[in-house]
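> With the input below, show me the fold.
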Amino acid sequence: MQATTLALVGATGGAGTTRTAVELAAIGARDGRDVAVVDAAFTTQGLSEYVSGRIGTDLTTLVTDETGASLAAATYPIELGDGHTGSGGTGDGDAPSLPGRADAIPSRAPFERVARAKTAEAARKLERRIDEAATSHDAVIVDAAPVGSNEAVAGVTAADRTAAVFPATAHGRDALQRLRGRIADVGAGLDRSIAVARGVDGEDAAEAEGETDADVRLPSTDPAIASAPTTATGSGAYARAVAAAFEDAFDATVGIEFEEPGVIDRLRP
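Alright, predicted model coming up:
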């Protein structure tokens, strides 16, 4: 792979950035790679919801109180469902373990520590932690909120590439253009864009089927956290689209053999 670090930035709140990051990590692990997702969205802390069990040391601790601790102290396997995880060979459920690792480096902290983790000094330490993750993983995905905080800027500037995640609607396309300006303001560029379709009705659904101005378009999938990651075992249109997004983002070739879509699937728009 050429690029090893990808910053995923949501063009809007609720764009599906964290879910997309988790799905990309799972498809990479399914293909035999070790992939880490770094939570640079300290306010929402959404990545922690994809980790089962108690989170002790988290990423905000490493950039504030325990700056000398190993990154491994805040690294947890992503819960893949059915009792198994993204660390190859450690699963104990019915579904097979993946050949690679899908790890989360989450944020799970009280307000006081989150506030200290948002300083410029902590952002510099975050950049070093991202670089550290790249030494122990084949690919690193930084989950960042819309660029407007020190940690989001650190994620964008530390990564090899930046990709925007936006809803596949007219509103999402407008937000994408605003995000381009924000990223340019911090001296970075937007290399890729991923449109996420939603299972919506009416006018938004019609917009979602139209032109999205995206490099990759992800079809809608079950939004429930418990259903993620779909790509750990799935072979439908969503898993194939995430694999295409992984290839596009990391200049990689995903060697997973997906089942060919049936006649009815091929006839669907």
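> and the gap between Ala122 and Arg240?
39 Å (Cβ to Cβ, to the nearest Å). Where C-beta positions appear, they are placed from N, C-alpha and C, glycine not excepted.
> Kindly state the pLDDT recorded for the nearest residue to Ile105 once chain neighbours are set aside?
Nearest residue to Ile105 in three dimensions, chain neighbours excluded: Val38, at 4.7 Å (Cβ to Cβ, 6 or more residues apart in numbering). According to the predicted model, the pLDDT of Val38 comes to 98.
> which outside residues touch the strand or helix carrying Ala243?
Following DSSP states H and E, the helix or strand that holds Ala243 is helix 237-250. For helix 237-250, the external contacting residues (Cβ atoms under 8 Å, 6 or more residues apart in numbering) are 1-4, 6, 20, 23-24, 27-28, 31, 139, 161, 163, 192, 194, 215-221, 230-231, 252-254, 256, 258, 261, 265.
> mind running it again at 6 Å?
Residues outside helix 237-250 that contact it (Cβ atoms under 6 Å, 6 or more residues apart in numbering) are 1, 3, 6, 23-24, 27-28, 139, 163, 192, 194, 215-216, 218-219, 221, 230-231, 254, 258.
> do the same with stretch 58-65
With Cβ under 6 Å, 6+ apart as the test, stretch 58-65 has contacts from 39, 69, 74, 105-109, 113, 116-117, 122, 125-126, 129.
> can you rerun that using 7 Å?
Residues outside stretch 58-65 that contact it (Cβ atoms under 7 Å, 6 or more residues apart in numbering) are 38-39, 42, 69, 71, 74, 105-109, 113-114, 116-117, 122, 125-126, 129.
> Now do the contacts for Ala184.
For Ala184, no contacting residues are found, by Cβ under 7 Å, 6+ apart.
> distance of it from Arg173?
With the distance defined as Cβ to Cβ, Ala184 ends up 17 Å from Arg173.
> Contact partners for Val38?
Shown in contact with Val38 (Cβ under 7 Å, 6+ apart): 59, 105, 130, 133, 140, 142-143.
> try it again with 8 Å
Counting by Cβ under 8 Å, 6+ apart, Val38 touches 59, 105, 129-130, 133, 140-143, 155.
> Who does the residue nearest to Ile105 form a beta bridge with?
Under the criterion DSSP bridges, Val38 forms beta bridges with Ile105, Val142.
> And the helix or strand Ala154 falls within, what does it pack against?
The secondary structure element spanning Ala154 is helix 150-158 (assigned by DSSP H and E). Counting contacts by 3 or more Cβ pairs under 8 Å, 6 or more residues apart in numbering; DSSP states H and E, helix 150-158 packs against strand 5-10, strand 35-40, helix 120-136, strand 139-144.
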